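# Got a sequence here, can you model it:
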Amino acid sequence: MIPDAVAAIIAAAIRENVTNTPEEQGRRAVRELRDAGWTIAAPDVIAAALRAA
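Modelled structure (predicted):
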């Protein structure tokens, strides 16, 4: 399940950039999430970090 805070940031990124392509909206959402303190990582990066821990 997506936390409400994440869903709100993604929805705002789409709403505020409605004329952008889906790729541009996605990149904007990722920037907004990072600015809000979220860490975005590929699954293989997460798996490697968990194995190293």
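
# What is the subsequent helix or strand relative to the helix or strand containing Ile10?
Using DSSP states H and E, Ile10 falls within helix 4-16. Downstream of helix 4-16, the next assigned helix or strand under DSSP H and E is helix 22-35.

# Report the distance from the helix or strand following that next one to the chain centre.
Downstream of helix 22-35, the first helix or strand assigned by DSSP H and E is helix 43-52. Distance of helix 43-52 from its chain centroid, counting by C-alpha atoms, centre = their mean, to the nearest Å, is 18 Å.

# can you list contacts of helix 43-52?
Here helix 43-52 makes contact (C-beta atoms under 8 Å, 6 or more residues apart in numbering) with Ala41. (Glycine included, C-beta is placed from N, CA and C.)

# In PDB, list the C-alpha atoms belonging to that helix.
Presented in PDB, the C-alpha positions along helix 43-52 are these (Å, rounded to 0.1, in the frame of the first residue of the first chain):
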ATOM      1  CA  PRO A  43      15.000  -3.100  -6.100                       C
ATOM      2  CA  ASP A  44      18.500  -4.500  -6.700                       C
ATOM      3  CA  VAL A  45      20.000  -1.700  -4.800                       C
ATOM      4  CA  ILE A  46      17.700  -2.300  -1.800                       C
ATOM      5  CA  ALA A  47      18.400  -6.100  -2.000                       C
ATOM      6  CA  ALA A  48      22.200  -5.500  -2.000                       C
ATOM      7  CA  ALA A  49      21.900  -3.200   1.000                       C
ATOM      8  CA  LEU A  50      19.900  -5.700   2.900                       C
ATOM      9  CA  ARG A  51      22.400  -8.500   2.100                       C
ATOM     10  CA  ALA A  52      25.200  -6.300   3.300                       C
END
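
# And the most centrally placed residue in the chain, how far from Ala36?
With distances taken as C-alpha atoms, centre = their mean, Val30 lies nearest the centre of the chain, 3.7 Å away. Distance of Val30 to Ala36, given as C-beta to C-beta, to the nearest Å: 11 Å.

# And the residue nearest to Trp38 when sequence neighbours are not counted, how close does it get to Arg51?
Leaving aside its chain neighbours, Trp38 sits nearest to Val6 (6.9 Å; criterion: C-beta to C-beta, 6 or more residues apart in numbering). For Val6, the distance to Arg51 (C-beta to C-beta) stands at 25 Å.
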